[in-house]
Every structure is written in structure tokens, then in C-alpha cells.
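# predicted structure and sequence below. I'll ask about it afterward.
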Amino acid sequence: MSQSKLITLDEFTIQETRKFPQATGDLSALLRDIGLAGKIINKQVRKAGLVDILGKHGATNVQGEEQMKLDVYANETLINILKNCTECAGIASEENDDHLPYEDTFSYNSKYVVLFDPLDGSSNIDVNASIGTIFAIYRRVSELGKPCTQADFLQPGRNLIAAGYIIYGSSTMMVYATRLGVNGFTLEPSIGEFCLSHPNMKCNEKGKIYSVNQGNWVKYDESMRNYLNYCMESNKDEGRPYTQRYIGSMVADMHRTLIKGGIFMYPGDTSAPKGKLRLQYECNPMAFIMEVAGGMAVSGEGHVLDIQPTELHQRTPIFIGSKKMVEKAMEFVQVREVAN
Ligand code: P6P
């Protein structure tokens with residue numbers, strides 16, 4: 001891309017702000033701060049094999065998962081960057097039991113809160129597969145001038161102001177959505193800036209890729225198995241079987257789905273009726289991005305974005321991607337009666 005056409009994340013977010021004379025620029029500044037955190041995390045991810053930052057951190061997180069050192073580093077980087085900016089009142093993270101209000105007068109008057117999975121797919125770190133950071137930005141509902149509260153972090157996805165991810169893959173990209181659209185920025189290492197590379201991203205209404213951990217077959221109910229058989233047979237709609245792709249890193253599987261079309265699924269099963277993925281910092285951000293891009297995201301009982309959260313780390317089944325493919329899946333999949 002020639003120098004004259006280079007648009008950095010900073011320039012783009014400032015241009016977006018100028019479209020709204022009444023805008024304060026706080027959201028744009030917050031997105032830039034998240035981009036900065038992504039660049040700092042990227043630096044460590046890129047050299048993970050060379051320095052003592054691989055391998056288990058020893059501690060376990062609220063999910064009971066062994067924390068990789070990079071998990072901890074990414075979490076602390078995001079917490080510190082967002083604490084030092086002026087737009088964020090507090091955070092919630094996959095790695096923290098509870099939400100974390102920032103205890104200073106600046107933050108008491110900040111109007112946004114951020115939820116994130118600091119390093120999604122961390123089990124792939126040691127095998128050098130793509131991993132990512134997922135974030136969700138809400139306008140707080142609690143009273144300004146005081147610490148943010150749990151209610152700020154238990155809002156449905158419909159309330160999202162912005163959401164996105166940073167994927168540490170063959171290149172490092174930041175993709176985020178506001179209601180204006182979805183835009184992708186690729187990190188240009190020579191200048192250390194995210195540069196607009198994928199403007200106005202859209203998800204194809206149809207696709208030919210299905211993405212699920214088929215190793216869970218024995219735990220799926222008949223309706224889910226029937227849908228997977230449909231995907232594997234020369235189904236009448238496509239005249240050929242779908243292609244199967246599964247990286248095991250949600251950010252990577254979702255990035256492919258956004259760019260190439262397809263459906264990504266993590267359904268409920270007999271051992272995990274609500275599936276594995278977390279609503280507030282994995283499914284809702286991805287559902288918001290996908291819906292803005294023209295795709296669809298459902299839980300099997302309705303739209304993911306319509307779920308009213310009751311717990312910070314609650315899970316939800318998810319079927320997300322090309323609209324026609326998600327609708328077809330819902331013709332097969334019956335919602336599991338979830339034991340209370
Ligand atoms: P499974 C990674 O651990 C993760 O949280 C998501 O990024 C990914 O989509 C999913 O779990 C993979 O889970 O059970 O297929 O290994």
C-alpha cells in the first residue's frame with residue numbers, strides 16, 4: 001500500500017469521531033488504547049519461543065484453567081493500559097473472578113467499561129497456532145462520579161457500543177465493529193502502527209465451511225448429529241459437502257468465518273449443556289461484529305445479543321456466521337432442555 005494511502009488506526013478513529021460533532025472522542029481514544037495494548041502483547045507473543053514466557057504460569061484462573069505466562073502478561077497489560085487511560089471506569093476479564101473498578105476520580109467519571117478475554121486460545125501458544133485478544137465496550141449504566149458496578153458488566157450484547165479482537169496470526173490484525181461498520185487494521189511492524197487493510201468488512205450471506213470440534217460427536221444430541229451429517233453429505237442446497245475447518249482458537253476460527261463465510265459452532269452437549277464459550281467476553285463481542293457485518297449469531301434459543309446475563313462468566317451455546325448457514329442449522333438443531 002503506497003504511503004499516501006496509509007490510514008492508521010489513530011487517523012481512522014479520529015476521522016470517525018469527526019462524523020459526529022457532538023462526539024467527545026472518548027470511544028476513539030479507548031479503541032486506540034486497546035490497540036496499544038495489542039501492540040505490547042504482540043511483542044511478547046512474537047518472541048514467546050525465545051524467552052522464558054512459554055509454559056505454565058503455575059496459577060490457575062477463575063475457570064480452573066492453568067494460566068500460561070502469556071495469559072497473565074496479556075491480562076496485566078490490558079488492565080494497566082485501561083487503568084491509565086481516561087475513558088475506562090473499570091474492566092472484567094476471563095482471568096479475574098470479579099469485575100475490577102478503577103479506584104480514582106478520573107475513572108469514576110469515565111463513561112465506558114471494557115470486558116476482555118486477554119489471550120483467547122492460549123492452549124495453542126505452544127504449538128504456534130493463532131491466538132487472540134477479544135474485547136467488548138459498554139457505556140456504563142451506573143452513576144458517574146462513583147466506581148463502576150457489576151451491573152455495568154451484566155448488560156446484554158444489544159447494548160454494546162463497540163467490540164473487536166486482535167489476532168496474533170501470520171500477521172497481527174485488529175478488527176473492531178461499531179454500529180457504523182466493521183473495519184480491519186493490519187500491524188505494519190516497520191512503523192509500529194495498525195493500518196487500515198480491510199475496510200467495511202462484510203460476512204457473506206452464504207458459505208461452504210463448517211467449523212466445530214467434531215470430537216464431541218458422542219456428546220451431541222440427535223438433532224446436532226443430523227445437522228453435521230447434512231454438512232458432510234452432498235446436501236441438496238449446495239450440491240456438495242461443506243468443507244470442515246477447526247483451529248481450536250475462537251478468534252482464528254471467527255476471523256476466517258468473517259472473511260470467507262461459513263458457520264462456527266460451539267453447541268451444548270451432554271457434559272456441558274451451555275457449551276464452553278463465555279457469553280460476555282467471547283460470544284457477545286463476536287456476535288456484535290458478525291451482526292454488524294451482516295451475519296447472524298444464535299444460541300439455539302434466540303439471538304446471542306438478546307441474552308440477559310446473570311453471571312459474569314456464564315457460558316452460552318453459539319452458532320455464528322453466514323446468515324443462510326445459521327438459519328439452516330437452526331432448522332435441524334433443537335434446543336437442549338438445560339437441567340437447572
Ligand atoms: P475445544 C480456546 O481454549 C477456546 O476457549 C476457544 O478459543 C476455542 O474456540 C475453544 O476454546 C476450543 O475448545 O473444546 O474445541 O478445544
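All right, it came through fine. Numbers count the residues shown, from 1 in each chain.
# strands of the stretch 151-300 of the chain, start to end?
If DSSP state E, counting those that start in this stretch is used as the criterion, the strands of the stretch 151-300 of the chain fall at 162-168, 172-178, 181-188, 193-198, 209-211, 243-244, 263-266, 296-298.
# ok, which of those strands comes nearest the ligand?
Between the ligand and the strands of the stretch 151-300 of the chain, the shortest separation by Cβ to the nearest ligand atom is 6.2 Å, and it involves strand 263-266. Placement of C-beta: from N, CA and C, glycine included.
# what comes into contact with the closest one?
In this structure, residues lying in contact with strand 263-266 by Cβ atoms under 8 Å, 6 or more residues apart in numbering are 207, 209-213, 250, 253-254, 257, 275-277, 317-322, 325-326, 329.
# which of those residues are close to the ligand?
Near the ligand, taking Cβ under 6 Å from any ligand atom as the test, the members of the contacts of strand 263-266 found are 213, 250, 253, 276.
# tell me which of the strands of the stretch 151-300 of the chain sits most buried.
Burial of those is given as mean neighbour count (mean count of other Cβ atoms under 10 Å); strand 162-168 ranks first at a mean of 27.
# quick one, that one and strand 181-188 angle?
Taking axes from the mean of the first three to the mean of the last three Cα atoms, to 10 degrees, one finds strand 162-168 and strand 181-188 inclined to each other by 30 degrees.
# tell me what strand 162-168 is packed against?
The contact analysis (3 or more Cβ pairs under 8 Å, 6 or more residues apart in numbering; DSSP states H and E) places strand 162-168 against helix 26-46, strand 131-139, strand 172-178, helix 250-260, helix 284-292.
# how near is the residue positioned nearest the centre of the chain to residue 277?
Nearest to the mean C-alpha position of the chain, counting by Cα atoms, centre = their mean, stands residue 134 at 3.7 Å. Distance, residue 134 to residue 277, by Cβ to Cβ, to the nearest Å: 10 Å.
# pull the most distant pair out of the ones next to the ligand among the contacts of strand 263-266.
Using Cβ to Cβ, the pair of these lying farthest apart is 253 and 276, separated by 12.9 Å.
# higher neighbour count, these two?
With other Cβ atoms under 10 Å as the criterion, residue 253 and residue 276 differ in neighbour count, and residue 253 comes out ahead with 25 against 19.
# could you give the bridge partners of the closest residue to residue 199 other than its chain neighbours?
Taking Cβ to Cβ, 6 or more residues apart in numbering, and ignoring the residues beside it in sequence, residue 199 has residue 183 as its nearest neighbour in space, at 5.6 Å. Counting by DSSP bridges, residue 183 is bridged to residue 176.
# now do the contacts for residue 183.
Counting by Cβ under 8 Å, 6+ apart, residue 183 has contacts 12, 175, 176, 177, 196, 198, 199, 200, 201.
# spatially nearest residue to the first one, not counting backbone neighbours?
Leaving aside its chain neighbours, residue 12 sits nearest to residue 196 (5.5 Å; criterion: Cβ to Cβ, 6+ apart).
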